[in-house]
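In: My questions concern the predicted model and sequence given below.
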Amino acid sequence: MKKALIIALALVAGASFSPAEAGKKKKQQAAQPVVAEPVVLSNSSDSVSYAGGMAITNGLLPYLQQQGVDTAYMADFLQGFKEMIKSANDPRKAAYVTGMDIAKQLSERMLPNIVRDFTDTPDSIVSEKLFQGFTAALENDTTLFTQADAEAYFRTKQKYNNEVKQEKLYGANRNAGRQFLAENAQKDGVITLPSGLQYKVLVQGNGEVPTANDRVQVNYEGRLIDGTVFDASSKHGDKPAEFTPGQVIKGWTEALTMMPVGSKWQLYIPYELAYGERGAGEDIKPYSALIFDVELVDIIKK
């Protein structure tokens, strides 16, 4: 009887605390700070080491944010940091951490580039399958592909898809350039060289002809075949541009090494002798044929 009374009193006493108070008490207990082990600096070496550790964190927080780390989770960052410090010489931990780093690089850097390459093409990249193939190669799993076969297949498909994309995006530009050059070749005074370069002499000079390694002074203006001016020496100051013929596009190199000083030619350059399949900047699209008025002012002697 006495034992039953004690149990009943205990239940009543427990019920006297409201759920809110119980939750408040639990919350207060969870908020208790963890007391860190005090750091003892016994000598100058201890002090300079400790200060150095603090000093080299300068700029770390902005860097972590750039890496996508939410600073609200600094406790997790520090836990990972401490674990790595403790197991710095553990090869298994080093391999694990490196695996995470490679996964991050693959996901954030390599994958977006590959996805972009295959965008607007007959094929597309499925990230899950790419990761599976990556893993299979490292596990020597040749069920579907050998390493060599996979590389050959991927490069072939990459080349094909790129050609399809280039044709879709820039085929019309390439064809317009070819048509322009074909029609231009029939005009009076236009000379077509075996390379495909065309030129017309506007002023015939009688000076020395430069080599590919000579430094020359040149005035020029560059246009697209629709007449849009994309560059000119006058945009870069009052003096002629200076360079060696071997440093510029192939069409210029060929023309300059034929021009006597004092000459002014109009060049009509096919894309193969200009900026090719890549183009240049915002104005010169891939496969663009170009027109240049070029005046060879002088050869700079050493």
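Out: Cool, the structure landed. Numbering: from 1, shown residues only.

In: any idea of the pLDDT on Gly133?
Out: On pLDDT, Gly133 comes in at 96.

In: so how far is Leu130 from the nearest residue to it once chain neighbours are set aside?
Out: Leaving out its chain neighbours, the residue that sits closest to Gly133 by CB to CB, 6 or more residues apart in numbering is Ala150, at 6.9 Å. Yep, even glycine has a C-beta here, placed from its N, CA and C like the rest. Noted for Ala150: a distance of 11 Å to Leu130, by CB to CB, to the nearest Å.

In: Ok, Phe292 next?
Out: 44 Å.

In: Likewise for Pro194?
Out: 46 Å.

In: Settle it for me: which of those two has more neighbours?
Out: Leu130 (16 against 5; other CB atoms under 10 Å).

In: where's the more buried one, which helix or strand?
Out: helix 127-138 (DSSP states H and E).

In: So which bits of that helix are buried?
Out: In terms of neighbour count (16 or more other CB atoms under 10 Å), helix 127-138 has its buried residues at 130, 136.

In: And that helix, what does it pack against?
Out: helix 111-117, helix 147-184 (3 or more CB pairs under 8 Å, 6 or more residues apart in numbering; DSSP states H and E).

In: Check which residues of the longest one are buried.
Out: Pointing back at helix 147-184 there. 161, 165, 170, 173-174, 176-177, 180-181, 184.

In: With pLDDT and distance to Phe154 as new columns, can those residues be given to me in CSV?
Out: Shown next, in CSV, are those (pLDDT from 0 to 100; distance: CB to CB, whole Å):
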residue, pLDDT, distance to Phe154
Asn161, 96, 10
Lys165, 93, 16
Tyr170, 94, 24
Asn173, 96, 28
Arg174, 96, 26
Ala176, 97, 33
Gly177, 97, 31
Phe180, 97, 37
Leu181, 98, 36
Asn184, 97, 41
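
In: Roughly how far does the residue nearest to Gly133 sit from Pro270?
Out: 37 Å.

In: Also Ile299?
Out: Counting by CB to CB, the gap from Ile299 to Pro270 is 27 Å.

In: Name the residue in those two with the higher neighbour count.
Out: Taking other CB under 10 Å, Ile299 and Pro270 do not tie; Pro270 has more neighbours (22 against 15).

In: Pull up the per-residue confidence for the more buried one.
Out: Listed pLDDT for Pro270 reads 98.

In: Contact partners for it?
Out: 177-178, 181, 196-197, 251, 289 (CB atoms under 8 Å, 6 or more residues apart in numbering).

In: So the nearest residue to it once chain neighbours are set aside: helix, strand or coil?
Out: Closest residue to Pro270 apart from its sequence neighbours, by CB to CB, 6+ apart: Gly196 at 4.6 Å. Following DSSP: H, G, I helix; E, B strand; the rest coil, Gly196 is assigned to coil.
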